[in-house]
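Sequence below, structure please.
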Amino acid sequence: MTLEQLRIFVGVAEREHMTRAAEALNVTQSAASAAIAALEARHGVPLFHRVGRGIELSEAGRMFLVDARAVLGRAASAELALAEYAGLERGTLRLVASQTIAGYWLPRQLAAFHARYPAISIELAIDNTEGAAARVLDGAVELGFVEGVIDEPALAHWTVANDRMVLVSDRAADTIDEDWIRAARWIVREQGSGTRSSFEEVLRQRGVDPSDLTVALMLPSNEAVRSAVEAGAGVAVLSQHVVAPAIAAGTLHDLPLGLPRRPFYALRHKERYRTRAADALTDLIKETGK
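Presented below is the predicted three-dimensional model:
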């Protein structure tokens, strides 16, 4: 069993698609298939179910994925420790961020980081808040940036920015009360989304059970939610970063719900090796936030 085989397995498992995984990993499809076949043949365990022309993780594959990610995380940490001898003159900083942060807030920070440290390459993965925390926890990335609160003792978290949440509709409304909230048709993000968890916490504080909402659509991205609201499918709560252009264009209206600002958090494993590159990025974010 090699690290390359594990890397290919994790890539295929995350996408459940051999061709897309091979493209993302910059290997041929035959090489990806051979790596999976070698792992299965060596241990006599099917890691995937072949369903028609697609693949799905088997029970053994789901269990192995956790350990494979952990091994790759430890290998990455060891590589980073050696790279530290070169200071900030070379190396790779692996990050993960939730959709809102990756699409709207973080790029400006990464552009400033690249201008200051051009020899450090950055690999950014995008996941919802729960998925991002899992990647930091298993060592696949060094830093995470999320919107929701993560209750995991092994992870340190701190506030790096704040964001205004906005209730939007394709038509204006003067008064928003609890009856209006319960009667509205809602477009929401998937479970595990920081945007969704932040909104549901606000509802609970107002005495509204999130399960009482009429959910018309549950969609996997901010942009899909925004487009559905613009099309008149319902109302939604999204980051101001996501909806500001549409409000300015008049295709969406900012409704008076009076939502509080929410924090953006950085995440880091408390016990894993801290690289100079990660410290440099967090220091830069502190500078720009002052």
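
can you give me the helices in the stretch 151-290 of the chain?
Under the criterion DSSP state H, counting those that start in this stretch, the stretch 151-290 of the chain carries helices at the ranges 178-183, 194-205, 222-230, 240-249, 276-289.

Contact partners for the residue lying closest to residue 55 once chain neighbours are set aside?
Spatial nearest neighbour of residue 55, excluding adjacent residues (Cβ to Cβ, 6 or more residues apart in numbering): residue 48 at 4.4 Å. (Each C-beta comes from the backbone N, C-alpha and C, glycine too.) Applying Cβ atoms under 8 Å, 6 or more residues apart in numbering to residue 48 gives the contacts 12, 13, 16, 36, 55, 56, 57, 58, 61.

Name whatever forms a beta bridge with residue 120.
residue 91 (DSSP bridges).

Count the neighbours of it for me.
By other Cβ atoms under 10 Å, the residues close to residue 120 number 20.

quick one: it and residue 113 touch, right?
Yes. Residue 120 is in contact with residue 113 according to Cβ atoms under 8 Å; the separation is 7.5 Å.

between the two, what contacts are shared?
Joint contacts of residue 120 and residue 113 (Cβ under 8 Å, 6+ apart) are residue 280.

Please name the spatially closest residue to the spatially most central residue of the chain (chain neighbours excluded).
With distances taken as Cα atoms, centre = their mean, residue 127 lies nearest the centre of the chain, 2.2 Å away. Computed as Cβ to Cβ, 6+ apart, the closest residue to residue 127 that is not its neighbour in sequence is residue 96, at 5.7 Å.

how far away is that neighbour from residue 126?
Residue 96 sits 7 Å away from residue 126, going by Cβ to Cβ, to the nearest Å.

Which one of the two is surrounded by more residues?
Ranked by neighbour count (other Cβ under 10 Å), residue 96 and residue 126 place residue 96 first, with 25 against 16.

now the strand or helix carrying the more buried one: mean pLDDT?
Using DSSP states H and E, residue 96 falls within strand 91-97. Averaged across strand 91-97, pLDDT comes to 89.

Give me the residues contacting the helix or strand just after it.
Following strand 91-97 in sequence order, the next helix or strand is helix 99-100 (DSSP H and E). With contact meaning Cβ under 8 Å, 6+ apart, helix 99-100 is reached by 126, 128, 147, 163, 193, 194, 195, 221, 222, 239, 241, 242.
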